[in-house]
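Trainee: here is my input; please provide its structure:
(2 chains)
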Amino acid sequence: MSDTPAERQLNFIEQIIEADNASGKWGGKVVTRFPPEPNGYLHIGHAKSICLNFGLAQRYGGTCNLRFDDTNPTKEEMEYVHSISDNIRWLGFEWPNQKDDAVESGALFASDYFQTMYDYACELIRKGKAYVCDLTADETREYRGSLNKPGRESPHRNRSVEENLDLFDRMRKGEFPDGSRTLKAKIDMASPNVNLRDPVMYRILHAKHHRTGDAWCIYPMYDWAHGIEDSLEGVTHSICTLEFENHRPLYDWFINAINEGRTNDGSGPWGKRIVHSQQIEFAKLDLNYTVMGKRNLLALVKEKRVGGWDDPRMPTLSGLRRRGYTPESIRNFCTDVGVAKFKSTIDIGRLENAVRDHLNKVAPRRMAVLDPLKVVIENWPEDGTVDELDAINNPEDASAGSRKVPFTRELYIEREDFMEDAPKKFFRLAPGREVRLRYAYFVTCTGVVKNDAGEIVELRCTYDPATRGGDSPDGRKVKGTLHWVSASHAVEAEVRLYDRLFNDEDPDNPRHEKDFHEFLNPDSLKKVHGCKLEPSLAQAAIGDRMQFERLGYFNVDIETTPGNLIFNRIVSLKDSWAKQRDQ
RNA sequence: UGGCCCCUAGUGUAAUGGUAGCACGACAGACUCUGGAUCUGUUUGUCAAGGUUCGAAUCCUUGGGGGCCAGCCA
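Mentor: Numbering: from 1, shown residues only, chains lettered A, B, ... in the order given. Model (predicted):
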């Protein structure tokens, strides 16, 4: 489903990189980074960015740093550092200096650069490009003007270098309360790009940082910090999402401001030029029938609409992981959707398609009956005779071998595989009709047993001994093949069936009158108890993935305990009968 | 009554002034011990109008539609 990189057409970022390599702009080097803020869990949208950044580094023999953009101590926690690092490893990517002593080992942190950033800030002050401003947040907003009206210059804009240096030093020392002053870049209060109207570089925040503790009480803003982080790490291509397009002029302004007066060989008053990474923006992943915003995801968890961040219905990486998605399928999906600047929405069906595609090749096949209906083979001996039949583990993979499944007089089949009054196109069991039980025998339905309420409780069938293994020596064909489980050997389990979390394609669309909560799908989780599995499944371990024949792909949920097997349906198989039936 | 970005089959994505292609979906058929998988075929597209050009999806102009920006968030 996805081309290998070598044959695929280049996306626009790869084209930029190849042009840079051809021109020698970076000496053939490619350094990227994935820069999450440790204030939430990663979701499938982040996976696209991760695959892009790490994938580019892989493809061009470069490196991709994992760098936490931890410049806001009021929102960030180590817990997120761990979960994010863990998710990236799970996805199958490696950052430089990664070791196993800690999950985040080798990761870089913006907070490690705070002193350097501070020094650069002092340099901008000395160059007359930054000043301490005493305006409050409200006043700053007012002075900024609007989209249509230019802003006004702050009354503190023209303080002397000495005063600015002194004030900034005292800001750092903690002499002023939160919000009382900021350091701003002196750019252009009339710029049509609001980002350039003297943006804040530092704010005062007397907050304990999860890594630097109380060492700082001023923290750099994103725009000031990010380009420096990239520069310090020698990032060549700084890839971010579309909403930062308007920030690129500021990104460039800051680096240019630092480089002003600097030289390639370090001669002159300001020293050597620093690396000026190229910021490139792409459209982030958007999926239908779900929500991806941090606030919305957090709301679902806090309000207990789902079981947690790793609820198998969540679009989080930990949710997809628990659901049973393979890292490879997610990587394939990300390659498949491509990279461009057009803000598109991907159908969630493509994600489902990606797991199906992968699991079809690697998942062992097993038989499991979710909604059991008892079948008695009338002409089978009543003495407990067991026939051990060969079942192929994976028709897509000969090396997967085969296993034995026991066939006995009493079996279970899927309730929906029988219809008393079946239409012609129904290729399954019905009175008088013959079907094949997978890897076993042809059976013919001879009778239906009902309870007082008129519900079918049992089927009576006969089998054809000549069809052992599933083929008829006389060349007789049957239209249907059913999965089944021996009643006396069956392992009991709970199976959890998932459906999309929302009934609306775009639940959080602001154009809706309704809140996204109102689109929650009440049937997104169905717990099915009393499912009957073939005996080999008694050994299934947490995380194991397999195909239940004719039903879909499943994995063993982490809530499984000895004696209480729980399976998640990762995704169903395509079902062309269901499609036909519903028409 | 500002600035920046974007618009190619249903959904995505190529074609970088030279035959509009690919993937997925849908539909049809073949095959099949999973109504799965696989294979084959079919369908549908350059937002609009002008201009430049031998030739425009591509360059220019205007119009239309969409997105982003006025956090001491990232």
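
Trainee: please, which helix or strand holds the residue of chain A found nearest RNA strand B?
Mentor: Per CB to the nearest atom of the strand, A:Gly470 is where chain A lies closest to RNA strand B, at 1.9 Å. Quick note: C-beta positions are derived from backbone N, CA and C, even for glycine. Using DSSP states H and E, A:Gly470 sits within no helix or strand.

Trainee: that one reaches A:Arg438, doesn't it?
Mentor: Yes: contact criterion CB atoms under 8 Å: A:Gly470 and A:Arg438 qualify, at 6.8 Å.

Trainee: please enumerate the shared neighbours of those two.
Mentor: Contact criterion CB atoms under 8 Å, 6 or more residues apart in numbering; residues shared by A:Gly470 and A:Arg438: A:Thr481.

Trainee: hmm, which helix or strand of chain A has the shakiest average pLDDT?
Mentor: Every helix and strand in chain A was compared by mean pLDDT, DSSP states H and E; the lowest is helix A:576-582, with a mean of 87.

Trainee: how far is that helix from where the chain is centred?
Mentor: With CA atoms, centre = their mean, to the nearest Å as the basis, helix A:576-582 stands 31 Å off its chain's centre.

Trainee: okay, it in PDB with CA atoms only?
Mentor: Output of helix A:576-582 as PDB, limited to C-alpha atoms (Å, rounded to 0.1, in the frame of the first residue of the first chain):
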ATOM      1  CA  SER A 576     -18.800  -7.700   1.700                       C
ATOM      2  CA  TRP A 577     -21.700  -9.800   2.900                       C
ATOM      3  CA  ALA A 578     -22.600  -7.100   5.500                       C
ATOM      4  CA  LYS A 579     -22.500  -4.600   2.700                       C
ATOM      5  CA  GLN A 580     -24.800  -6.600   0.500                       C
ATOM      6  CA  ARG A 581     -27.200  -7.400   3.400                       C
ATOM      7  CA  ASP A 582     -27.500  -3.800   4.400                       C
END
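
Trainee: which stretches of the stretch 151-300 of chain A form helices?
Mentor: A:161-173, A:222-232, A:248-259, A:294-302 (DSSP state H, counting those that start in this stretch).

Trainee: quick check: residues of the stretch 351-500 of chain A near RNA strand B?
Mentor: A:353, A:356-357, A:360, A:365, A:394-396, A:425-428, A:436, A:438-439, A:469-471, A:480-481 (CB under 7 Å from any atom of the strand).

Trainee: sorry, back to before: show the contacting residues for the residue of chain A closest to RNA strand B.
Mentor: Contact analysis of A:Gly470 by CB under 8 Å, 6+ apart lists A:Arg436, A:Leu437, A:Arg438, A:Tyr439, A:Ala440, A:Tyr441, A:Phe442, A:Thr481.

Trainee: ok, 6 Å please
Mentor: The neighbourhood of A:Gly470, defined by CB atoms under 6 Å, 6 or more residues apart in numbering, consists of A:Arg436, A:Tyr439.

Trainee: same question, A:Leu389
Mentor: By CB under 6 Å, 6+ apart, A:Leu389 lies in contact with A:Val405, A:Phe407, A:Tyr439, A:Ala440.

Trainee: recalculate using a threshold of 10 Å.
Mentor: A:402-407, A:437-441, A:468-470, A:486 (CB atoms under 10 Å, 6 or more residues apart in numbering).

Trainee: of those residues, keep whichever come out buried.
Mentor: A:Arg403, A:Val405, A:Pro406, A:Phe407, A:Leu437, A:Arg438, A:Tyr439, A:Ala440, A:Tyr441, A:Arg468, A:Gly470, A:Ser486 (16 or more other CB atoms under 10 Å).

Trainee: just these: which are in strands?
Mentor: Judged by DSSP state E, strands contain the following of these: A:Arg403, A:Val405, A:Pro406, A:Phe407, A:Leu437, A:Ser486.

Trainee: dump those to JSON lines, plus pLDDT.
Mentor: Below are those laid out as JSON lines (pLDDT from 0 to 100):
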{"residue": "A:Arg403", "pLDDT": "98"}
{"residue": "A:Val405", "pLDDT": "98"}
{"residue": "A:Pro406", "pLDDT": "98"}
{"residue": "A:Phe407", "pLDDT": "98"}
{"residue": "A:Leu437", "pLDDT": "98"}
{"residue": "A:Ser486", "pLDDT": "98"}
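
Trainee: which of those sit farthest apart?
Mentor: Using CB to CB, the two most remote members of those are A:Arg403 and A:Leu437, lying 15.9 Å apart.

Trainee: give me the number of residues near the nearest residue to A:Glu229 once chain neighbours are set aside?
Mentor: Excluding the flanking residues, the one nearest A:Glu229 by CB to CB, 6 or more residues apart in numbering is A:Ala110, at 5.3 Å. Using other CB atoms under 10 Å, A:Ala110 has 24 neighbouring residues.

Trainee: spit out the contact partners of A:Lys25.
Mentor: A:Ile16, A:Ile17, A:Ala19, A:Thr236, A:Gln278.

Trainee: report the two of these separated the most.
Mentor: With CB to CB as the measure, no two of those lie farther apart than A:Ala19 and A:Thr236, at 12.3 Å.

Trainee: neighbour-wise, which of these two wins?
Mentor: When neighbours are counted by other CB under 10 Å, A:Ala19 and A:Thr236 differ, and A:Thr236 comes out ahead with 25 against 10.

Trainee: relative to A:Trp224, how far out is that one?
Mentor: 21 Å (CB to CB, to the nearest Å).

Trainee: circling back: buried residues of the least confident helix or strand of chain A, list them for me.
Mentor: Residues of helix A:576-582 classed as buried: none (neighbour count, 16+ other CB under 10 Å).

Trainee: and for stretch A:64-76?
Mentor: Going by 16+ other CB under 10 Å, stretch A:64-76 has these buried residues: A:Cys64, A:Asn65, A:Leu66, A:Arg67, A:Phe68, A:Asp69, A:Asp70, A:Thr71, A:Asn72, A:Pro73, A:Glu76.

Trainee: which of those are close to RNA strand B?
Mentor: Applying CB under 7 Å from any atom of the strand to the buried residues of stretch A:64-76, those adjacent to RNA strand B are A:Asp69, A:Thr71, A:Asn72.

Trainee: of those residues, closest to A:Asp286?
Mentor: Looking across these and measuring by CB to CB, the closest to A:Asp286 is A:Asp69, at 21.9 Å.

Trainee: that closest one against A:Asn39, yeah?
Mentor: Yes: using CB atoms under 10 Å, A:Asp69 is in contact with A:Asn39, at 9.4 Å.

Trainee: mutual contacts of these two, please.
Mentor: Shared contacts of A:Asp69 and A:Asn39, defined by CB under 10 Å, 6+ apart, comprise A:Glu76.

Trainee: ok now do A:Thr32, which residues does it touch?
Mentor: A:13, A:17, A:52-58, A:60, A:62-65, A:230, A:233, A:235-239, A:277, A:280.

Trainee: if we go to 8 Å?
Mentor: If you count contacts by CB under 8 Å, 6+ apart, then A:Thr32 has A:53-54, A:56-57, A:62-65, A:235-239 around it.
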